[in-house]
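1. turn this into a model:
(2 chains)
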Amino acid sequence: MKKPFERFIEGGLALSGVVTILTTLAIIWVLLSESWGFFREVSIVSFLTDTEWTPLFTNKHYGILPLLSGTVLTTLIALLTALPFGITISVYLSEYAPKKFRQSIKPALETLAAVPTVVYGFFALTVVTPFLQSFIPGLSTFNALSAGIVMGIMIIPLIASMSEDALRAVPKSLREASYGMGATRFQTAFKVVVPAASSGIIVSVILGISRAIGETMVVAIAAGQQPTLTLDPRDAVETITAYIVQVSLGDVQHGSIEYKTIFAAGISLFVFTFILNHISYRLKKKYQEQYE
Amino acid sequence: MSSLRINRIIDKGFQYVGIFATLFGLIMLAIFLFNILGDGLSRIDWDFLTNLPSRRASKAGILTAWVGTVWIMILTALIAIPLGVSAGIYLQEYGTKNKLATIIEVNISNLAGVPSIIYGLLGLEIFVRLMNMGSSLLAGACTLSLLILPVIIVATREAMKAVPNSLREASYGMGATKWQTTWYQILPAASGGIITGVILALSRAVGETAPLIVIGALAYVPFVPQTPLDEFTVLPMQIFNWVSRPQKDFLENGAAAIIVLLLITFCMNGIAIYFRNKWQKKINW
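-> Modelled structure (predicted):
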């Protein structure tokens, strides 16, 4: 028999846990109910196929494609920046670096991850863009390239530290067998350890992509606010997140179609990141089982 | 050249590539800090910290912004710490094998991946409109609390997991109840790890901009908030506002405000790392 006090405590603690479930349900409800109103006025076909996004103009078009292309473009650039650095750092730290070096460099990388995103936006606009403009002709003040690169720098610590964890989880015996066959550290790292840790590394990359898709301030500051359907990195683009910011800053009437567009944009964003996170969660569960 | 030598050279070469890649991020950070200090340091003085915002760049200050940031930090801590730590305790000590705990756990890992701007949309509908808080400090703190809850829960769990089972068994052996064991033995032993996680989570909340923009935090607030129901601005909002203006003077203000914001977040991170190191030394039971 449990004492009533103990039961009361347990109930209270469980209730706090339930708050997280309520949060998820509330997010889904909010996004669905507000975008439901949006999709009653705009057909889902034109939402997905119209190539213009101009809800704030008199001639209104509601095609998500320009926002989507902006999001995909900046995410792709971020990935191209973060992937080579992130993987190299993780392999170096787990297979090459002396213990002392690793211990002192990790807090520094964490610092990089602790910088607020609005600061990275300032960085992109005032340092990276002028630098790129000095050798890329036709680069506009607001552009996808600079925002993407800075977003990439921002997610390097995430990919590096998660991949490193995956690499270090590979059993020592695999490395010893490889060294015993006369392989160098480089060969061991890339032909034995990295393949063995591949699912963990993929998880880190997927989470990096998800982070880049949802990132807001860097693109809102440095990528511009023009929804154009383009894959040219020199152009100004608008991402889904930047659009939500743009509307929120303006004076939009509650209940109007403009107001509902941010929830329609939000639900698209939520679906993408949810799918990516779910895949990574599944993969993580799977590879944890492998070694345990 | 024999393939053996080529392989050795590749091996050695990668070592330098690795060092370069590792330092690349830090070099970028250094370049950037250098730039910011150059742009903004001359703008920071007593007036800058104590002036209200102004349409003239040289007169504008960050008083309302940093007071707003302190308000948000305290309110968020008051809401998120009890909720997050309780949920963490439940998952780690109580609901280890039941269905509710499994659902909560999967749910938390999903929530941790939701973009922060989505939390803004949630806060806008639930706190600002449905609960009628308006674009107040309280609405902002509630939104940010939900945002950092997963971080605190996971940190609490990890810290409690590190406490050896012998401590629990000894306490039960003395006839203590589950809650007595948790409250008097496990929580104190795990406190270092929990504090680290909480400070890191709060430092994240302090740097957040996007969700607060969405719930309607203002960029221009000509007064210092007095109660949790007042409208507000925070440092990141003020920075965003100044950075989005074309005039160079406002960019300088932005750089100066960034210095203040970075000082706050770096201090918080430093304290967190200090607690973690201290706690990790102690945990070698």
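2. show me where pLDDT drops low in chain A?
-> A:1-2, A:288-292 (pLDDT under 70).
3. helix or strand with the lowest mean pLDDT in chain B?
-> helix B:46-50 (a mean of 85; mean pLDDT, DSSP states H and E).
4. packing partners of it?
-> helix B:63-89, helix B:248-282 (3 or more Cβ pairs under 8 Å, 6 or more residues apart in numbering or on different chains; DSSP states H and E). C-beta coordinates here come from the backbone N, C-alpha and C atoms, glycine included.
5. the longest one to helix B:63-89, inter-axis angle?
-> Computed with axes from the mean of the first three to the mean of the last three Cα atoms, to 10 degrees, the direction of helix B:248-282 lies at 30 degrees from that of helix B:63-89.
6. I'd like the average pLDDT over helix B:248-282.
-> The average pLDDT for helix B:248-282 rounds to 88.
7. quick one on the thing from earlier: what's the most buried one of the helices and strands packed on helix B:46-50?
-> helix B:63-89 (a mean of 22; mean count of other Cβ atoms under 10 Å in any protein chain shown).
8. does that one come close to chain A?
-> Yes. Contact of helix B:63-89 with chain A (Cβ under 8 Å from any Cβ of the partner chain) involves B:82, B:83, B:84, B:86, B:87, B:89.
9. any idea how far residue A:154 is from residue A:212?
-> 8 Å (Cβ to Cβ, to the nearest Å).
10. need the overlap of contacts for these two.
-> residue A:78 (Cβ atoms under 8 Å, 6 or more residues apart in numbering or on different chains).
11. re the thing from before, between the helices and strands packed on helix B:46-50, which one is nearest to residue A:131?
-> helix B:248-282 (15.9 Å; Cβ to Cβ).
12. is there proximity between the closest one and chain A?
-> Yes. Using Cβ under 8 Å from any Cβ, a contact is recorded between helix B:248-282 and chain A, made by B:251, B:254, B:255, B:258, B:261, B:262, B:265, B:266, B:269, B:273.
13. would you list those residues in a markdown table and tack on distance to residue B:5?
-> Formatted as a markdown table, the residues of helix B:248-282 next to chain A follow (distance: Cβ to Cβ, whole Å):
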| residue | distance to residue B:5 |
| --- | --- |
| B:251 | 54 |
| B:254 | 54 |
| B:255 | 51 |
| B:258 | 50 |
| B:261 | 52 |
| B:262 | 48 |
| B:265 | 48 |
| B:266 | 46 |
| B:269 | 45 |
| B:273 | 43 |
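14. closest one of the residues you listed to residue B:170?
-> Distances from residue B:170 to the residues of helix B:248-282 next to chain A, taken by Cβ to Cβ, are shortest for residue B:273, at 31.0 Å.
15. regarding the chain, what is its longest helix?
-> Answering for chain A, as no chain was given. Identified as the longest helix of chain A according to DSSP state H is helix A:4-41.
16. my question was about chain B
-> helix B:3-40.
17. contacts only, for the residue nearest the centre of chain B.
-> With distances taken as Cα atoms, centre = their mean, residue B:204 lies nearest the centre of chain B, 1.7 Å away. Residues in contact with residue B:204 (Cβ under 8 Å, 6+ apart) are A:114, B:147, B:148, B:151.
18. need the three-state assignment for residue 237.
-> Since no chain was named, I'll use chain A. coil (DSSP: H, G, I helix; E, B strand; the rest coil).
19. is the helix or strand residue A:82 falls within positioned near chain B?
-> Assessed by DSSP states H and E, residue A:82 sits inside helix A:65-91. Yes. Against chain B, helix A:65-91 shows contacts by Cβ under 8 Å from any Cβ at A:84, A:85, A:88, A:89, A:91.
20. just put those in JSON lines and tack on neighbour count and distance to residue B:125.
-> Compiled in JSON lines, those are given as follows (neighbours: other Cβ atoms under 10 Å in any protein chain shown; distance: Cβ to Cβ, whole Å):
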{"residue": "A:84", "neighbour count": "14", "distance to residue B:125": "41"}
{"residue": "A:85", "neighbour count": "21", "distance to residue B:125": "39"}
{"residue": "A:88", "neighbour count": "21", "distance to residue B:125": "43"}
{"residue": "A:89", "neighbour count": "28", "distance to residue B:125": "40"}
{"residue": "A:91", "neighbour count": "27", "distance to residue B:125": "45"}
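21. any weak-confidence spans in chain B?
-> B:1, B:282-285.
22. which residue ranges make up each domain of it?
-> B:3-43, B:47-282 (automatic domain parsing).
23. winner for burial among those domains?
-> Scoring the domains of chain B by mean count of other Cβ under 10 Å, the most buried comes out as domain B:47-282, with a mean of 20.
24. what residues of stretch A:142-155 count as buried?
-> Neighbour-count burial for stretch A:142-155, with 16 or more other Cβ atoms under 10 Å in any protein chain shown as criterion, is recorded at A:142-155.
25. which of the residues you listed fall in helices?
-> Among the buried residues of stretch A:142-155, the members found in helices (DSSP H) are A:144, A:145, A:146, A:147, A:148, A:149, A:150, A:151, A:152, A:153, A:154, A:155.
26. brilliant, that's me finished.
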